[in-house]
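Participant: Would you be able to build a 3D model of this:
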Amino acid sequence: MSRRDQITLSDEERAELLDSERVVICTTIGPRGWPHSMPLWFVVRDGEIWAWTYGKSQKIKNLERDPRATLLVETGTEYTELRGIQIEANAHLVRDPDTVFEFAKELTVRYADGIDSIEGDAAEGLKAQVPKRVAIRFEVVREASWDHRKLGGTY
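Facilitator: Next up, the predicted model:
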């Protein structure tokens, strides 16, 4: 077995990492051809990463021009602690207001401590954001993962 195979995350480890980490770095191709990397909060839905951002953001302009994106979720400080996932994805921009609103509620619940639903004024506040926002569904094309803890301190 290759070292690459030894450190690849299992499906369960992948799910745990994505559940525990709070930021995905999304890299798109900017207008001058340079990578444009920005952090996003995210939710995993049916194995795919979803995020949202302002419809006028550079990320959205980039994805309208070229839907390819690379996503990175990584954790660890020392080399022997590093774990992560890099995903090459096709981005699908979702502008349907009902879908964006439902996603916004799901995202808010994930990042707000102790809240398990969004109702009343909080829901109305999110609803007011929907016309300005675009949800992004990242369809996985290719994935690479690593967990250097599996190396047992040797590298």
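Participant: following the helix of greatest length in the chain, which helix or strand comes up?
Facilitator: Ranked by number of residues, the top helix in the chain under DSSP state H is helix 97-111. Using DSSP states H and E, the next helix or strand after helix 97-111 towards the C-terminus is helix 120-129.
Participant: Report the buried residues of that next one.
Facilitator: residue 126 (16 or more other CB atoms under 10 Å). Where you see a C-beta, it was placed from the backbone N, CA and C, and this is true even at glycine.
Participant: surely residue 9 meets residue 15?
Facilitator: No. Using CB atoms under 8 Å, residue 9 makes no contact with residue 15, being 9.1 Å away.
Participant: out of these two, which sits in the busier spot?
Facilitator: Between residue 9 and residue 15, residue 9 has the larger neighbour count (other CB atoms under 10 Å), namely 20 against 13.
Participant: Please tell me how far residue 137 sits from residue 151.
Facilitator: 34 Å (CB to CB, to the nearest Å).
Participant: next one: residue 44
Facilitator: 26 Å.
Participant: Likewise for residue 54?
Facilitator: Taken as CB to CB, the span from residue 54 to residue 151 is 41 Å.
Participant: same check, this time on residue 123
Facilitator: 47 Å.
Participant: Give the buried residues for the least confident helix or strand in the chain by mean pLDDT.
Facilitator: Across the helices and strands of the chain, mean confidence by mean pLDDT, DSSP states H and E is lowest for helix 3-7: a mean of 80. For helix 3-7, the neighbour count (16+ other CB under 10 Å) marks residue 7 as buried.
Participant: The helix or strand following it: how far from the chain's middle?
Facilitator: Downstream of helix 3-7, the next assigned helix or strand under DSSP H and E is helix 11-20. Relative to its chain's centre, helix 11-20 lies at 13 Å (CA atoms, centre = their mean, to the nearest Å).
Participant: cool, stretch 130-145 as well?
Facilitator: The answer for stretch 130-145 is 7 Å, by CA atoms, centre = their mean.
Participant: Stretch 64-76 now?
Facilitator: 8 Å.
Participant: For that stretch, give me every contacting residue.
Facilitator: 17-18, 20-21, 23-29, 31, 49, 63, 81-93, 138, 148 (CB atoms under 8 Å, 6 or more residues apart in numbering).
Participant: same question, stretch 127-142
Facilitator: By CB under 8 Å, 6+ apart, the list of residues contacting stretch 127-142 reads 45, 47-56, 59-60, 63, 69, 71, 87-95, 97, 99-101, 103-104.
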